[in-house]
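> pasted the sequence and its predicted model underneath.
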Amino acid sequence: MCEIKVLDGGFSTQLALHVGDKIDGDPLWTARFLATKPEAVYKTHLDFLRVGSDIIETNTYQASIDGFMKYLGLTKDDSNKLIYKAVECAKRAVKTYLEEVKDNPNVPNPKPLIAGSCGPYGAALHDGSEYSGHYCSDISLKVLKDWHRPRISSLLDAGVDLLAFETLPCKEEAEVLIELLKEFPNAKAWMCFSCKDGKSLVDGTDFQELVMQCYKNALPGQIIGFGVNCIAPQYVTSLLKGINKENSTDFIPLVVYPNSGEKYTVTEGWKEDKECYPSHEFIYEWLNYGVKYIGGCCRTQATDIKIIRFEVDTWIKTQNSTTSSS
C-alpha cells in the first residue's frame with residue numbers, strides 16, 4: 001500500500017499570477033506558454049513544490065502535436081520538442097526546489113516526482129468536450145489511440161516518472177488508454193474521470209463499474225490509482241465509497257483532485273455555484289476510503305495545496321498515534 005502523495009493544483013489558476021494574460025479560452029490553454037513564457041511555467045511548478053506537492057504535473061493537459069502545428073504554426077518536429085520542453089520546465093523546478101531545501105530535513109516532499117499530464121482528446125477540441133464526452137460516439141478507437149500515442153511516447157522519453165490520464169469523459173477513451181499503455185510496459189499511470197454527479201461519468205457510464213473493469217484489464221501494477229478530477233468536492237465521496245470494501249482482497253489506490261466547486265461553460269467561463277464546498281472539509285473522509293493521491297484542479301492555487309498538505313500531514317499523525325496506542 002503506497003503512502004499518501006499530495007499533488008499540485010490548478011495550473012492555469014496559478015500560472016495567471018505570473019503571466020497576467022488571459023488563459024481560459026485559448027485553444028492551447030496553458031500549453032501556449034511553453035512557447036511564449038516558459039519561465040512562468042517553471043515558476044508555477046516551483047510554487048506548488050514550495051507548498052508541499054509531492055507530485056507536479058507537466059503543462060501538457062491541452063498539448064498535442066496537432067494543436068501546436070495548427071495554432072502555433074510549428075512543424076511536427078518542433079511541436080514534439082515543445083512537449084519535451086514541458087518536461088524540462090518541471091525538471092528544472094524540481095532541481096531548484098531541491099537546492100533550496102537541501103539543508104532542511106523537515107520538508108514534507110524531499111523527493112518530488114513529475115507526472116506527464118495527458119488530457120482527453122476532447123480537451124484539444126476546445127469546446128468543453130471533456131465535460132460532455134460527446135465525441136466518443138463519433139470517433140474511432142484507432143483515431144483515439146493514434147492521437148494519444150505521440151504525446152505519451154514523448155513524455156516518457158523526456159523522463160517523466162509517471163503519466164496522469166485525467167478528465168476522461170467516456171468509457172471508450174479509458175479502454176483505449178488501458179490498451180495503449182500496454183505498448184509501454186514499464187510506464188505507470190493514474191487514471192481519473194470526468195463525472196457529472198456522485199455516480200456516473202459525464203457519458204452516463206457507472207464510475208465504479210468502469211474503475212473495476214479498467215483495474216482488471218490493465219497490466220498488473222501499471223495503473224497506480226483510479227479516481228476523479230475537476231469535479232465539485234461534494235460529489236467525490238459517493239463516487240469513492242465502496243470501491244475498497246473491508247472484506248476485499250484487492251486494495252485500489254484512489255486519486256482525487258477536485259476543482260473549486262464552481263461550474264464551467266465555454267460561453268461564460270467559470271461561475272460560482274450556490275453550493276461551493278472547499279476540498280479540505282472532506283479530506284479525512286476521502287483518505288479513510290483509500291485516497292492515496294490528493295490535490296486540486298481548476299480554480300485552485302498553491303495556497304489551497306498548502307492547506308491540503310497540512311490536513312494530510314495532520315491525518316497521518318493522527319493515524320500513527322492511534323496505531324501506536326492500540
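Arrived safely.
> drop to CA atoms for contacts and neighbour counts, all remaining ones
OK.
> average pLDDT across stretch 128-138?
Across stretch 128-138, the average pLDDT comes to 89.
> dump the C-alpha coordinates for that stretch into CSV.
Only the C-alpha atoms of stretch 128-138 are listed here, as CSV (Å, rounded to 0.1, in the frame of the first residue of the first chain):
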residue,chain,number,x,y,z
GLY,A,128,-15.6,21.7,-23.3
SER,A,129,-15.9,18.2,-24.6
GLU,A,130,-14.2,16.7,-21.6
TYR,A,131,-17.3,17.7,-19.7
SER,A,132,-19.7,16.1,-22.1
GLY,A,133,-17.8,13.3,-23.9
HIS,A,134,-20.0,13.8,-27.0
TYR,A,135,-17.1,13.0,-29.3
CYS,A,136,-16.7,9.4,-28.1
SER,A,137,-19.5,8.1,-30.1
ASP,A,138,-18.3,9.8,-33.3
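> would you mark the buried spots in that stretch?
Buried residues in stretch 128-138, defined by neighbour count with 16 or more other Cα atoms under 10 Å: 128-134, 136.
> stretch 93-109 too?
Within stretch 93-109, judged by 16+ other Cα under 10 Å, the buried ones are 93-94, 97-98, 108-109.
> the residues you listed: which two are farthest apart?
Ala93 and Pro108 (16.5 Å; Cα to Cα).
> remind me which helix or strand Lys95 belongs to.
Per DSSP states H and E, Lys95 falls inside helix 76-100.
> packing partners of that helix?
Under the contact criterion of 3 or more Cα pairs under 8 Å, 6 or more residues apart in numbering; DSSP states H and E, helix 76-100 touches helix 33-36, helix 38-50, helix 65-72, strand 113-118, helix 141-158.
> so which of these gets nearest Thr167?
Judging the helices and strands packed on helix 76-100 by Cα to Cα, what sits closest to Thr167 is strand 113-118, at 9.0 Å.
> export the closest one as PDB, just CAs?
What follows is strand 113-118, C-alpha atoms only, in PDB (Å, rounded to 0.1, in the frame of the first residue of the first chain):
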ATOM      1  CA  LEU A 113       8.000  13.300  -8.800                       C
ATOM      2  CA  ILE A 114       6.900  14.500 -12.200                       C
ATOM      3  CA  ALA A 115       3.700  13.200 -13.800                       C
ATOM      4  CA  GLY A 116       3.100  13.800 -17.500                       C
ATOM      5  CA  SER A 117      -0.300  15.300 -17.900                       C
ATOM      6  CA  CYS A 118      -2.500  13.700 -20.600                       C
END
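> arrange the buried residues of stretch 128-138 in TSV, one row each, with distance to Trp190 and secondary structure as further columns.
Below are the buried residues of stretch 128-138 laid out as TSV (distance: Cα to Cα, whole Å; DSSP: H, G, I helix; E, B strand; the rest coil):
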residue	distance to Trp190	secondary structure
Gly128	22	coil
Ser129	21	helix
Glu130	17	helix
Tyr131	19	helix
Ser132	21	coil
Gly133	19	coil
His134	23	helix
Cys136	21	helix
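> hang on, the earlier thing: in TSV: the helices and strands packed on helix 76-100, plus distance to Asp304.
Output for the helices and strands packed on helix 76-100, formatted as TSV (distance: least, Cα to Cα, whole Å):
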stretch	distance to Asp304
helix 33-36	23
helix 38-50	10
helix 65-72	31
strand 113-118	19
helix 141-158	27
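> sorry, back to before: between the helix holding Lys95 and strand 113-118, how big is the angle?
Counting by axes from the mean of the first three to the mean of the last three Cα atoms, to 10 degrees, helix 76-100 points 150 degrees away from the direction of strand 113-118.
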